[in-house]
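> Just a sequence and a predicted model for now, questions to come.
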4 protein chains.
Amino acid sequence: MMGKDSVQTAVAGVSGYAGLELSRLLLHHPALRGRPPLFLGRDADAVRLTDMHPQLADNNGSSGLMVEPFSWKLLQERGVELLFLATPHEQSRSWAPEALAHGLRVVDLSGAWRLRGHEHRAIYGFHDEDAAAAAGVQSKSVYGLPELHRECIRNAQLVANPGCYATSIILALKPLVAAGWVDLDHGIICDAKSGVSGAGKAPTPTTHFMYAADNLSAYAVFGHRHLGEMMEQLEVKESQIIFTPHLLPIPRGILSTTYVTFREKKKAEEVDACVREFYASSPMVRIFNHLPQIQYSVRTNYCDIGFKLAQDGRRCIVVSCLDNLLKGAAGQAIENMNLMCGWDEAEGLA
Amino acid sequence: MMGKDSVQTAVAGVSGYAGLELSRLLLHHPALRGRPPLFLGRDADAVRLTDMHPQLADNNGSSGLMVEPFSWKLLQERGVELLFLATPHEQSRSWAPEALAHGLRVVDLSGAWRLRGHEHRAIYGFHDEDAAAAAGVQSKSVYGLPELHRECIRNAQLVANPGCYATSIILALKPLVAAGWVDLDHGIICDAKSGVSGAGKAPTPTTHFMYAADNLSAYAVFGHRHLGEMMEQLEVKESQIIFTPHLLPIPRGILSTTYVTFREKKKAEEVDACVREFYASSPMVRIFNHLPQIQYSVRTNYCDIGFKLAQDGRRCIVVSCLDNLLKGAAGQAIENMNLMCGWDEAEGLA
Amino acid sequence: MMGKDSVQTAVAGVSGYAGLELSRLLLHHPALRGRPPLFLGRDADAVRLTDMHPQLADNNGSSGLMVEPFSWKLLQERGVELLFLATPHEQSRSWAPEALAHGLRVVDLSGAWRLRGHEHRAIYGFHDEDAAAAAGVQSKSVYGLPELHRECIRNAQLVANPGCYATSIILALKPLVAAGWVDLDHGIICDAKSGVSGAGKAPTPTTHFMYAADNLSAYAVFGHRHLGEMMEQLEVKESQIIFTPHLLPIPRGILSTTYVTFREKKKAEEVDACVREFYASSPMVRIFNHLPQIQYSVRTNYCDIGFKLAQDGRRCIVVSCLDNLLKGAAGQAIENMNLMCGWDEAEGLA
Amino acid sequence: MMGKDSVQTAVAGVSGYAGLELSRLLLHHPALRGRPPLFLGRDADAVRLTDMHPQLADNNGSSGLMVEPFSWKLLQERGVELLFLATPHEQSRSWAPEALAHGLRVVDLSGAWRLRGHEHRAIYGFHDEDAAAAAGVQSKSVYGLPELHRECIRNAQLVANPGCYATSIILALKPLVAAGWVDLDHGIICDAKSGVSGAGKAPTPTTHFMYAADNLSAYAVFGHRHLGEMMEQLEVKESQIIFTPHLLPIPRGILSTTYVTFREKKKAEEVDACVREFYASSPMVRIFNHLPQIQYSVRTNYCDIGFKLAQDGRRCIVVSCLDNLLKGAAGQAIENMNLMCGWDEAEGLA
């Protein structure tokens, strides 16, 4: 598929927030002009895309697009080559192998295929019908963080799109950890805050406006599923990292405040150079000379990074921000598509 | 019960927002010191009140209070004299007559007994087992707006606590309508805006943070249930009033912007005097010389009123604000209790 | 300038919210690739654009762009042909004539040149040095609402970009008023609600988070400056229209709820057809079969319109929504540029 | 003054948020019935209290209260015994000694007198006219955190009311630090988040709704003024504690997430017992079995505390929440008044 002019895509799970953003991005992607994705939903009957998401209405023809019931037959008939799964974990765990068997390439936005180690995957409690086959699929999946795995993604059949929190924290810390500067045994602390869209579209007590508004709460302390991704991608042990997510009273955006201790004293210029060099060829990471805020990156596909070093040159706070629905989900999925198709990594994400 | 020192109360429907506010008010009511209400819920087992509502925890003994399963036997055993129903409409429609039969006095916060005319009640679609009995109960119920029906409330067995929107609009308009100044045939327009708590605690698509935040939407246009109350209490016909509710991205508070046309030219001083005189003995209405804002009255039991008269002296805009959970629900229920017990109307509401 | 491939633009007043949005749109406009606008500010020294607006940082070269001190000489040196004034009213009143004298075409986002009648302009209290010259300029200016004045805008030297409230209300009502259906003497009521960005970037008591958040307030009742635009463009008298703006606790977006009475009974299909036909060739207006919400149009350049007709067929509520910074300001300015340059009206606004 | 029935109070600095809350609390304080505080402001002329704060209007006589220009003579004439300073740091630095010289007792809500060590005070940059005298006053001031200094406060002439962030963090950590459990050399991390009212009432770029709403930002990293209070009251060195404040998009409330490492393994029951025992006689601290949220404590005077211990028994996260205007400012000032007057610590704070 490398270097193709275009590609036929499909999106399963259009109704959720990531599905909505993904649909919007695909409809406006330069390489997909005239080839709208096949939209797939859970309903038994086809519904108009703009009835499901009035925000997607435009006066250039989107009104005719339909969200159709999922079927492998339909995917085949429409010549789909690349399937985005914006589906629940269990669904993705079951569908991704089947899609591969049908010769499709897959970008999965769920947590189904992100984790290498079975001790981490256990937290999802998957019930694979054929465990050996699942392990085989797992071993072929690529963790879809372009800044770390750009080359593997290009040729991947199955890309596991990273979690939103994980993206913000891995990108914040990887340059310093990879440089061997961080005293891992001292422990890394990741205090992260996310907008409500991260909790999904299902109406629940904690997504109720009255719960989230004018509030802040920590949750899943010492037990959030994204911790496994951070450990694997940063190559740290559970005893070396703490991750505390908080629910912010805003629709979208994540800010992660991460605390590391260096083995040796560093100067701010050294830290800055280390981070900038690491991301020199990464178009979707912006390095700031001050601490970024959530507003900078919301509704963009950037991950923004800044840091502040204590006078002792050893204690360092790295702040990273991103839009959980874009760089943390749908936008990063587009990046992965771009790489898989041989296009510019940032195509359609300006 | 007039002039009693105290009274044994019970609250059915503690789990909702109005139930929470009512519980808080009753726990701090001066006349009820040492006599906490009996808290009644839907669960089969008793649960600690502060497990249901951690906000109610205090260090003075609330921790021992329980929410117990509803039963008439329990009400009797505990010597309950006054029952607050913070229950769904259908539940109140069924329980209120039964409570009266048990000799209890009732303040019902639902819409079950607010409407005199059956053509208005139809919108609720009640299925009364014994329609004649229900009509009898209906005829004895009092519309619990103290500013209009103070005397009847004192001796009522069943008080139908008004709707939140209805309270704000009736209080805004009644003085001018009662004075005969308003040209009813020209039509009254009530453009009202309410915080999300008005939509209840059940997680639904429209109470999801992502739906309500950063948004505004009109709903139930030409068909909101509170319209009947306005028509009956203001004595206007459907052709004479338009009521448009909007969902505000705030937790609580209602602001109603109402537009009337006077039959004859009036001066601002005349309008001001008319409104102030009407509410001279109403402790829970505040008249402002400028237009009130939602923030003034939120977390108080006041209904705030202000107006602005056009230069022509005939077009008048009346703005009223209140907290939908207090003056629009639980606070007004306390007012009604106060009147029923011979206490000061504003007792426990400062 | 008709049909030109590209054009050299400049933006005066880059620091404000409209200036920021305008800058973003111009930087991404397809016809302006490689020709970034000249950015002009009030500071004596040039500052980096991305220091002023970190959100505009991208990894494709925006980092080199500067905001430079305004001077006519600079405009000339850089070959500017089209000048956007995102400046205060008084500034625009003074600069627009001077720009015309320098042979520039101008899109002015302020209220300086919107009003035909001097009795309306009086509210701005302009102190024109040469009143006759100002009147001459005024007479040549075009009200920049493409849906009404598309043809005149194409050849205009000076386009007065409409007010945000005015845009939402004129677009909501013009089809029905123009059809002669509305009983003007009965009076039109426009109850409008706007996000805080409409109040500008200057920190004031009313733009303080603590004032605006969790609040709603009406302001400038019977006296808002945008009323004049509505009267002139709808051709109604002051006695025939009431406009009540409210400050919403959201960053951006306007929802206007407008109430009209028809001279004769109409069917919903007739109203729908009337509105759709009026906007048949207007790409930036979307007609909905239900009432639109603020979220649909925020961060788009659309004005969304829906209506609800009472059973009597005579009382009609029209709701319109738009983003006050886009269709209500910067986006509409881009539309005007597109028309002035012979490009597609919606170019760069998808 | 111990055990007095009542006392004449005065509030300087009524216009700010803390001044407003303090005024409200004093007007409703049981021991001050019939003795409203003397309200003092910066304006040259007296203004009606309810014109300055319409929210304080009630129908029981508050309408007659005035905010008068500050003068020592006026304080004397009105027989003021206890003066609350809700004034800027510099103002309090100058007025508190003068008040003491006039024989008044003082509760100062600013940062003027909180810090023992001059190296910490340096950050405020005070310019004391008579440094020796200031040092003398400083040495007599008591840090007004009742949970730590209850006895000293009772007899204090000058009470320095703690900072809001400092209160939340000191109360979260003191029990564990005092028990000698915390490995201070490993470092304590305090990641705190505050609502906008903490930034004061002055309209500034960062208190603008458009800056704060839908946003989160860290600020004053490694340099916030409250750090000194934490160090002094917890008796830790700068190298042993990191404090990172963030600006939350909510009106009020602080949540602090603090991370400590124990010297030795502990069980959750031990931690729970340690914290509960420490606060056994502190009425304004609530200990939860789960992590508290901002909503629990907002508009109460409680500081809520909960914790979560890692499986290793050594890494512990303590979360504390409070209302920055109540327990973090005005409410705590009332506690201090209560202690100074021999009243119950929680009087008037239910």
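Sure, I can see it. Source: prediction; values computed, not measured. Numbers count the residues shown, from 1 in each chain, chains lettered A, B, ... in the order given.
> Please make it C-alpha for all contacts and neighbour counts, starting now.
Will do.
> quick one, domains of chain A?
A:9-162+A:329-340, A:164-324 (automatic domain parsing).
> Just tell me which of those domains ends up closest to chain D.
Judged by C-alpha to the nearest C-alpha, the one of those that comes nearest to chain D is domain A:164-324, at 4.8 Å.
> what's near enough to touch A:Lys201?
A:Gly16, A:Tyr17, B:His208, B:Met210 (C-alpha atoms under 8 Å, 6 or more residues apart in numbering or on different chains).
> and if you look at A:Val275?
A:Pro175, A:Leu176, A:Ile287.
> Just put the domains of chain A in a markdown table and tack on mean pLDDT.
Below are the domains of chain A laid out as a markdown table (pLDDT from 0 to 100):
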| stretch | mean pLDDT |
| --- | --- |
| domain A:9-162+A:329-340 | 93 |
| domain A:164-324 | 97 |
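> Deepest in the core, which of those is it.
domain A:164-324 (a mean of 21; mean count of other C-alpha atoms under 10 Å in any protein chain shown).
> Just the closest residue of the stretch 151-300 of chain A to chain C, please.
A:Tyr296 (4.5 Å).
> Can you name the residues that contact that residue?
Contacts of A:Tyr296 (C-alpha under 8 Å, 6+ apart): A:Asp304, C:Pro54, C:Gln55.
> redo that, cut-off 7 Å
C:Pro54, C:Gln55 (C-alpha atoms under 7 Å, 6 or more residues apart in numbering or on different chains).
> Next: A:Lys267.
A:Gly313.
> Please apply the same query to A:Gln138.
Contacts of A:Gln138 by C-alpha under 7 Å, 6+ apart are A:Trp113.
> before we move on, which element is it in?
helix A:131-140 (DSSP states H and E).
> for A:Gln311, same thing?
Per DSSP H and E, there is no helix or strand for A:Gln311.
> Over to A:Gly19: give its phi and psi.
phi -60, psi -40 (degrees, to the nearest 10).
> Might you enumerate the residues of the stretch 101-250 of chain A proximal to chain B?
A:Ser197, A:Pro203, A:Thr204, A:Pro205, A:Thr207, A:His208, A:Phe209, A:Met210, A:Ala212 (C-alpha under 7 Å from any C-alpha of the partner chain).
> Among those, name the ones in helices.
If you go by DSSP state H, those have A:Phe209, A:Met210, A:Ala212 in helices.
> Give the closest residue to the last one in space, chain neighbours not counted.
Right, the one you point to is A:Ala212. Excluding the flanking residues, the one nearest A:Ala212 by C-alpha to C-alpha, 6 or more residues apart in numbering or on different chains is A:Pro249, at 5.3 Å.
> show me what contacts that neighbour?
Per C-alpha under 7 Å, 6+ apart, neighbours of A:Pro249: A:Gly195, A:Val196, A:Ala212, A:Ala213, A:Asp214, A:Asn215, A:Leu216.
> Three-state assignment for it, please.
What DSSP: H, G, I helix; E, B strand; the rest coil gives for A:Pro249 is coil.
> re the thing from before, redo the contacts of A:Val275 as TSV? Include distance to B:Val11 and secondary structure.
Below are these laid out as TSV (distance: C-alpha to C-alpha, whole Å; DSSP: H, G, I helix; E, B strand; the rest coil):
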residue	distance to B:Val11	secondary structure
A:Pro175	59	helix
A:Leu176	58	helix
A:Ile287	57	strand
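> Closest one of these to D:Lys308?
Each of the contacts of A:Val275 was scored against D:Lys308 by C-alpha to C-alpha, and A:Leu176 proved nearest at 28.3 Å.
> and the gap between the residue nearest to A:Pro88 when sequence neighbours are not counted and A:Ser92?
Counting by C-alpha to C-alpha, 6+ apart, A:Ser110 is the residue found nearest to A:Pro88 once chain neighbours are left out, at 6.2 Å. Going from A:Ser110 to A:Ser92 by C-alpha to C-alpha, to the nearest Å gives 7 Å.
> Now do the phi/psi pair for A:Leu22.
Dihedral angles (degrees, to the nearest 10) for A:Leu22: phi -60, psi -40.
> the helices in chain A, which residues?
Using DSSP H, helices in chain A cover A:17-27, A:49-52, A:72-77, A:89-101, A:118-121, A:131-140, A:146-154, A:164-178, A:209-212, A:226-234, A:268-278, A:294-297, A:331-340.
> Many thanks, I have nothing further to ask.
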